[in-house]
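> sequence-free structure coming up:
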């Protein structure tokens, strides 16, 4: 079976999951932590080299404060949880904004925890316009030069993006690294994560003909 | 019914369609012209304001010459065919390269044909790196400034992308304009286009909650 080198995760549907449970929307985020840990271990076992989680975006910060506080806390907790595992962690996002949690500032350069071995990236207060904003330093239309000028330049091309929650859109997730990504959508909400979702995505990916536009 | 303002079309599967018919791969492209015309008329009737066809990319030009000649001819024929309709046509792509057909040079600024009324864009010898390459002139991380610096700046945000041929990836299609696009995939090959595909995509789009990341 062909295992993707780099998997992007869009863990959507936390708020809809909470509402379905009769909870207020912000109560959905904490239930996304355990799925992330299970997924991380599956990726390690399978030899995935890099994993990127879509934490929250500059768009998301316009939501009600109680939600913003809840998803920010979930991101902090997720990073701190994975810092107890064997992983090379990096948080990518606009850390100059007050919306960026100070607890995550130490992670804005890649750090190895335990034995390392798998790169895990978190997009936190990430904005596509923020990511592309440094192309001012770019001098060419060469792909390598463009990707070097991205603020997210330490994140490689994504092979497979899996989005939970049924929506079939990228919502600003790494527009350059996702140009050739295969895109798999799970209808269930992220807190209802099940290992079977992940294996279904990998089985589907395994049948795809990778051409990189050729 | 909520009709998207701007629909992007990725008309994939021409080569696989030809092979299935016992033809050589390059024979598939000419059969993509009529579907394009039918789709154009459907969009006009429904009040779609802008339509973008993915013609060919700088990646595609690395394919065997006989294929390159065939898909280039199909693009020329498609543009000339629509120039006999009521439409505002624009061809976007790297026109400084020898891969760009000289027949389409007159269309590289938007021109009104007949009574105009719907914008139709063709991406011809388009490359995402070419499109982003002018961000060197960008001075900010402001969304409006970034989109202004795109070479494709006369193409607006895409609401719905429909891809024929079963692949669930963007393959470099307008990375900035497709950031919030809903993405619908038709398994049938483009030459097997059927009006029902299009209406299924619109019905699906009608049920989507548009948040623009908010």
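Ah, there it is. Predicted model only: the values in this text are computed from it and were never measured. Residues are numbered from 1 along each chain as shown, chains lettered A, B, ... in the order given.
> which ones are touching residue A:47?
residue A:3 (C-beta atoms under 8 Å, 6 or more residues apart in numbering or on different chains). For every residue, glycine as well, the C-beta is placed using N, CA and C.
> Next one: it relative to chain B, how far apart?
23 Å (C-beta to the nearest C-beta, to the nearest Å).
> which is the next helix or strand following the longest helix seen in chain A?
The single longest helix within chain A, with elements called by DSSP state H, is helix A:65-82. Later in the chain than helix A:65-82, the nearest helix or strand by DSSP states H and E is strand A:87-92.
> which stretch of helix or strand covers the residue nearest the centre of chain A?
Geometric centre of chain A, nearest residue: residue A:53, 1.8 Å, by C-alpha atoms, centre = their mean. Using DSSP H and E, residue A:53 maps to strand A:50-57.
> Check whether that strand comes near chain B.
Yes. Using C-beta under 8 Å from any C-beta of the partner chain, strand A:50-57 comes into contact with chain B via residue A:57.
> If you compare the directions of that strand and helix A:65-82, what angle comes out?
On the basis of axes from the mean of the first three to the mean of the last three C-alpha atoms, to 10 degrees, strand A:50-57 is oriented at 160 degrees to helix A:65-82.
> what does strand A:50-57 contact?
A:5-11, A:36, A:39-40, A:43, A:68, A:71-72, A:75, A:78, A:91, A:93, A:118-127, A:155-156, A:158, A:171-174, B:213.
> which among the residues you listed end up buried?
Among the contacts of strand A:50-57, those classed as buried by 16 or more other C-beta atoms under 10 Å in any protein chain shown are A:6-11, A:36, A:39-40, A:43, A:68, A:71-72, A:75, A:78, A:91, A:93, A:118-127, A:155-156, A:158, A:171-174, B:213.
> the strands in chain A, which residues?
A:6-11, A:50-57, A:87-92, A:111-113, A:119-126, A:160-164, A:182-186 (DSSP state E).
> Which positions within stretch A:75-86 qualify as buried?
A:75-79, A:82, A:85.
> got it, and stretch A:189-204?
Quick answer for stretch A:189-204 (16+ other C-beta under 10 Å): A:189-193, A:197-198, A:201-202.
> Same check on stretch A:83-102?
Buried-residue list, stretch A:83-102, by 16+ other C-beta under 10 Å: A:85, A:87-95, A:99-101.
> quick one: which of the residues you listed is nearest residue B:17?
residue A:92 (40.9 Å; C-beta to C-beta).
> Check the gap between the residue lying closest to that closest one once chain neighbours are set aside and residue B:63 for me.
The shortest distance from residue A:92 to any non-neighbouring residue, by C-beta to C-beta, 6 or more residues apart in numbering or on different chains, is to residue A:152 (5.1 Å). Remark: distance between residue A:152 and residue B:63 (C-beta to C-beta, to the nearest Å) = 30 Å.
> Next: residue A:46.
33 Å.
> Looking at those two, which has the bigger crowd around it?
residue B:63 (17 against 14; other C-beta atoms under 10 Å in any protein chain shown).
> ok, now which ones touch that one?
Here residue B:63 is in contact with residue A:214 (C-beta under 8 Å, 6+ apart).
> quick one on the thing from earlier: tell me the strands beside the strand holding residue A:53, with direction?
Strand A:50-57 has the following strand partners under DSSP bridges: strand A:6-11 (parallel), strand A:119-126 (parallel).
> For chain A, give me the ranges with low pLDDT.
A:136-139 (pLDDT under 70).
> ok, now with 80
A:134-141, A:210-214 (pLDDT under 80).
> roughly how far apart are the nearest residue to residue A:26 once chain neighbours are set aside and residue A:30?
Leaving out its chain neighbours, the residue that sits closest to residue A:26 by C-beta to C-beta, 6+ apart is residue A:70, at 3.7 Å. According to C-beta to C-beta, residue A:70 and residue A:30 sit 7 Å apart.
> In terms of neighbours, single out the busier of the two.
Between residue A:70 and residue A:30, residue A:70 has the larger neighbour count (other C-beta under 10 Å), namely 22 against 16.
> Isn't that one up against residue A:27?
Yes. Taking C-beta atoms under 8 Å as the definition, residue A:70 is a contact partner of residue A:27 at 7.4 Å.
> Mutual contacts of these two, please.
Between them, residue A:70 and residue A:27 share no contacting residue, judged by C-beta under 8 Å, 6+ apart.
> what's around the residue nearest to residue A:92, how many residues?
Residue A:152: 23 neighbours (other C-beta under 10 Å).
> who are the neighbours in contact with it?
A:92, A:123, A:126, A:131, A:174, A:176-177.
> mind checking the end-to-end distance for stretch A:77-91?
13 Å (C-alpha to C-alpha, to the nearest Å).
> Looking at the contacts of residue A:152, spot the one nearest chain B.
Taking C-beta to the nearest C-beta as the measure, residue A:176 is the one of the contacts of residue A:152 closest to chain B, at 6.4 Å.
> In contact with the closest one, which residues?
Contacts of residue A:176 (C-beta under 8 Å, 6+ apart): A:131-132, A:146-147, A:150, A:152, B:128, B:132, B:175.
> Ok, residue A:76 next?
Counted by C-beta under 8 Å, 6+ apart, residue A:76 has contacts A:101, A:103-104.
> Please repeat the previous calculation with a cut-off of 6 Å.
Neighbouring residues of residue A:76 by C-beta atoms under 6 Å, 6 or more residues apart in numbering or on different chains: A:101, A:103.
> got it, and residue A:11?
A:32, A:164, A:190 are the contacts of residue A:11 under C-beta under 6 Å, 6+ apart.
> now it, which residues is it bridged with?
Counting by DSSP bridges, the residues bridging with residue A:11 are residue A:164.
> separation between it and chain B?
From residue A:11 to chain B the distance is 15 Å (C-beta to the nearest C-beta).
> now residue A:48
Taken as C-beta to the nearest C-beta, the span from residue A:48 to chain B is 19 Å.
> Next, count neighbours for that residue.
22.
> I'd like the distance between it and residue B:108.
Taking C-beta to C-beta, one finds residue A:48 at 43 Å from residue B:108.
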